[in-house]
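Q: predicted model follows, preceded by the sequence.
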Amino acid sequence: MGFNSQTGTRTLTLTGTNTANNTLAAVIGDNTGATSVTKTAAGTWVLSGANTYTGATTLTLGTLSVATDSVGAYNLGGTTGNNGITFDGGTLQVTGTAMTSFGSHTPIFNATKTVGLDINNASNTFTVSQALNQTSGGLTKSGAGTLTLTNAANNYTGATTVSAGTLNLTGSLTGATAIAVNGGTFSESSTGVIGSAAATLTVGGGIATLAGANTYTGTTALNSGTLNVNSVGALGTGAFTISGGTIDNTSTAAIASQTNNPAITLGGNFAFSTAGGTANNNLNLGTGAVTVTGSRIITLNPTTASTLTFGGTATNNTNAAVTTTVNGATDTVSFGAFVLNSGAATVTDVFNGSGKIIVAGAVTNGGAGTNALTYSGTGTMTLNGNNTYTGLTTMNNASGTLTLAGSNTTASGGVTLTAGTLNINNANALGAVGGTFTI
């Protein structure tokens with residue numbers, strides 16, 4: 001490089017806007033003073049030489065690409081001197097599988113700056129054991145490989161964005177970060193913790209797996225992609241909205257409860273387990289209140305009998321009739337209880353589909369209306385509670401079965417069977433005197 005003929009400290013600045021690989025294969029070394037390397041501008045530079053410089057490497061913009069950090073092939077310079085790497089913006093790309101950590105190049109994460117890490121090779125796992133402490137700065141994970149965060153004090157408060165590959169959390173995120181999974185995988189192990197009060201998780205594509213004991217109070221949103229709820233402490237205490245995508249339990253056992261019992265909003269159609277039935281484990285989402293904001297289709301995909309449980313009371317808050325369709329002949333959706341309408345209107349809520357539906361507790365009117373329930377599915381629906389709604393109960397599909405197992409002594413709307421099978425498993429199942437049983 002010509003540096004060896006000079007004296008004193010010096011800085012090599014790599015700049016330009018060409019985003020194709022600009023490769024610097026020559027060896028960057030010191031002479032009487034340390035050489036430093038600074039990457040500026042939006043372009044991409046590749047350091048492929050066996051560099052020996054002992055000054056700092058600073059990344060401010062664009063991409064700096066390296067592949068090795070072993071004896072005789074230190075792309076980021078030698079192992080002595082002030083040889084750390086400072087993240088002041090931009091992205092560090094790690095190619096190949098030889099470089100699995102920062103090694104002797106201690107990272108410095110400048111305040112307010114987003115740290116970009118592109119782990120390019122799908123077979124490489126790059127581990128960051130140092131605390132990410134860039135205050136309001138964030139973290140962006142790209143590339144097909146895996147980035148693992150092991151430190152228990154990652155306290156940055158900027159956004160965490162996963163666009164490709166895997167971000168694996170075995171340590172803790174203690175800052176108020178907004179985690180966005182837009183592609184690839186966010187994977188929290190059983191030792192991982194999302195612990196900041198204001199942290200949030202949004203799954204807009206890809207896969208997010210929560211397996212730790214999380215305490216975050218911000219929102220959890222499943223818009224598309226897959227959210228695996230793999231522990232009883234997976235979901236934080238903040239509101240959980242399901243607007244699309246797939247919810248799953250890919251652990252090795254049933255999840256029987258949720259420690260934090262978040263309030264849940266059913267804001268769109270969604271599936272339980274992936275289309276191939278990758279998981280066949282029961283999943284209980286806790287006893288938090290469930291808000292139904294419109295007609296919903298829930299598709300059950302497990303290949304063996306599994307149950308998705310909403311243990312809290314589900315409430316239709318639309319002041320209009322809604323249809324809840326559950327499809328999947330071997331599988332079950334269970335609600336803790338059901339409010340037919342929280343508003344003043346009189347409505348008939350319809351339950352439909354090929355799956356099994358259970359309401360464990362009472363079905364109630366909710367608002368001022370004389371609200372009714374119709375089951376028109378080809379599967380089964382079981383009402384186990386002591387129901388108090390005052391509208392008509394109707395069963396009208398020849399291939400379906402409605403089971404009344406609770407005591408409906410205060411219900412007065414009567415029961416109509418126009419088709420299918422009606423099981424009466426309680427002496428008071430048909431409701432109060434004055435109700436009509438019609439066949």
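A: That came through, no problem. What you are looking at is a predicted structure, and each value in this text was computed from that prediction instead of being measured.
Q: can I assume residue 112 sits in a helix?
A: No. Assessed with DSSP: H, G, I helix; E, B strand; the rest coil, residue 112 is coil; it does not lie in a helix.
Q: burial count for it?
A: Neighbour count of residue 112, defined by other CB atoms under 10 Å: 14. (Each C-beta comes from the backbone N, C-alpha and C, glycine too.)
Q: need the per-residue pLDDT for it.
A: Each residue has a pLDDT score; the one for residue 112 is 98.
Q: list the contacts of it.
A: Residues in contact with residue 112, defined by CB atoms under 8 Å, 6 or more residues apart in numbering, are 134-137, 158.
Q: over to stretch 206-221 now: how far is its first residue from its last?
A: 13 Å (CA to CA, to the nearest Å).
Q: out of the contacts of residue 112, grab the one that's most surrounded.
A: Ranked by the number of neighbours (other CB under 10 Å), these place residue 134 first, at 24 neighbours.
Q: give me the distance between the closest residue to it other than its chain neighbours and residue 137.
A: Excluding the flanking residues, the one nearest residue 134 by CB to CB, 6 or more residues apart in numbering is residue 109, at 4.1 Å. Per CB to CB, to the nearest Å, residue 109 is found 7 Å from residue 137.
Q: how long is stretch 301-315 from one end to the other?
A: End-to-end distance for stretch 301-315, by CA to CA: 25 Å.
Q: which of the residues in it are classified as buried?
A: By neighbour count on 16 or more other CB atoms under 10 Å, the buried set for stretch 301-315 is 301-302, 306-315.
Q: so for it, mean pLDDT?
A: Mean per-residue pLDDT for stretch 301-315: 91.
Q: how close does residue 57 sit to residue 222?
A: Taken as CB to CB, the span from residue 57 to residue 222 is 39 Å.
Q: let me redo that: residue 70
A: Residue 70 sits 42 Å away from residue 222, going by CB to CB.
Q: please identify which of those two sits among more neighbours.
A: Legend: neighbour count by other CB under 10 Å for residue 70 and residue 222, higher for residue 222 (25 against 11).
Q: what about the more buried one, distance to residue 419?
A: With distances taken as CB to CB, residue 222 is found 36 Å from residue 419.
Q: mutual contacts of residue 109 and residue 137, please.
A: Counting by CB under 8 Å, 6+ apart, the contacts common to residue 109 and residue 137 are 115, 156.
Q: follow-up on the earlier one: tell me, how many residues neighbour the residue nearest to residue 134?
A: Using other CB under 10 Å, residue 109 has 22 neighbouring residues.
Q: in the sheet, who's paired with it?
A: Residue 109 has these beta-bridge partners by DSSP bridges: residue 87.
Q: tell me the pLDDT at it?
A: According to the prediction, residue 109 has pLDDT 98.
Q: tell me if I'm right that it and residue 132 touch.
A: Yes. Look at residue 109 against residue 132 with CB atoms under 8 Å: they come within range, at 5.7 Å.
Q: mutual contacts of those two, please.
A: 115, 156.
Q: which ones among the buried residues of stretch 301-315 are found in strands?
A: 307-315 (DSSP state E).
Q: which ones are touching residue 50?
A: With contact taken as CB under 8 Å, 6+ apart, residue 50 is in contact with 27, 72-75.
Q: let's see 7 Å
A: Contacts of residue 50 were listed using CB atoms under 7 Å, 6 or more residues apart in numbering, and they are 27, 72-74.
Q: least confident pick among these?
A: Among those, residue 72 has the weakest pLDDT, 77.
Q: what is the burial count for that residue?
A: That count, for residue 72 with other CB under 10 Å as the rule, works out to 7.
Q: so how far is residue 254 from it?
A: From residue 72 across to residue 254, the span is 52 Å (CB to CB).
Q: which parts of the stretch 301-439 of the chain are strands?
A: Taking DSSP state E, counting those that start in this stretch as the criterion, the stretch 301-439 of the chain contains strands spanning 307-316, 323-327, 332-341, 348-352, 356-359, 363-366, 372-375, 380-383, 393-404, 415-424, 437-438.
Q: list the helices and strands the fifth one packs on?
A: Secondary structure elements in contact with strand 356-359, counted by 3 or more CB pairs under 7 Å, 6 or more residues apart in numbering; DSSP states H and E, are strand 332-341, strand 380-383.
Q: if you set the cut-off to 8 Å instead, what comes out?
A: Packing contacts for strand 356-359, counted by 3 or more CB pairs under 8 Å, 6 or more residues apart in numbering; DSSP states H and E, involve strand 323-327, strand 332-341, strand 380-383.
Q: could you report the neighbour count for the residue nearest to residue 22 when sequence neighbours are not counted?
A: Closest residue in space to residue 22, ignoring its immediate chain neighbours: residue 45 at 5.1 Å, by CB to CB, 6+ apart. Close neighbours of residue 45, defined as other CB under 10 Å, add up to 22.
Q: phi first, then psi, for residue 45.
A: Main-chain torsions, residue 45, degrees, to the nearest 10: phi -120, psi 140.
Q: and the pLDDT for it?
A: On pLDDT, residue 45 comes in at 98.
Q: repeat that for the one 4 residues further on.
A: The predicted structure scores residue 49 at 95 on the pLDDT scale.
Q: pretty sure it sits against residue 24.
A: Yes. With contacts defined as CB under 8 Å, residue 49 counts as touching residue 24 at a distance of 6.7 Å.
Q: so residue 239 makes contact with residue 262?
A: Yes. At 6.2 Å, residue 239 counts as touching residue 262 under the criterion of CB under 8 Å.
Q: of these two, who's got more company?
A: Taking neighbours as other CB under 10 Å, residue 239 and residue 262 compare with residue 262 leading, 23 against 17.
Q: and that one, what does it touch?
A: Taking CB under 8 Å, 6+ apart as the test, what residue 262 contacts is 220, 235-240, 285-286, 288.
Q: switch the cut-off to 10 Å
A: Counting by CB atoms under 10 Å, 6 or more residues apart in numbering, residue 262 touches 217, 219-220, 235-241, 285-289, 312.
Q: so what pLDDT did the residue lying closest to it once chain neighbours are set aside get?
A: The shortest distance from residue 262 to any non-neighbouring residue, by CB to CB, 6+ apart, is to residue 240 (4.4 Å). pLDDT, residue 240: 98.
Q: who is residue 240 paired with across the strands?
A: Going by DSSP bridges, residue 240 forms beta bridges with residue 220, residue 264.
Q: now residue 205: how far from residue 224?
A: Taking CB to CB as the measure, residue 205 falls 6 Å from residue 224.
Q: for residue 137, same thing?
A: Distance from residue 137 to residue 224, by CB to CB: 27 Å.
Q: check residue 337 too.
A: For residue 337, the distance to residue 224 (CB to CB) stands at 29 Å.
Q: those two: who's more crowded?
A: Neighbour count, other CB under 10 Å: between residue 337 and residue 224, residue 337 has more, with 21 against 16.
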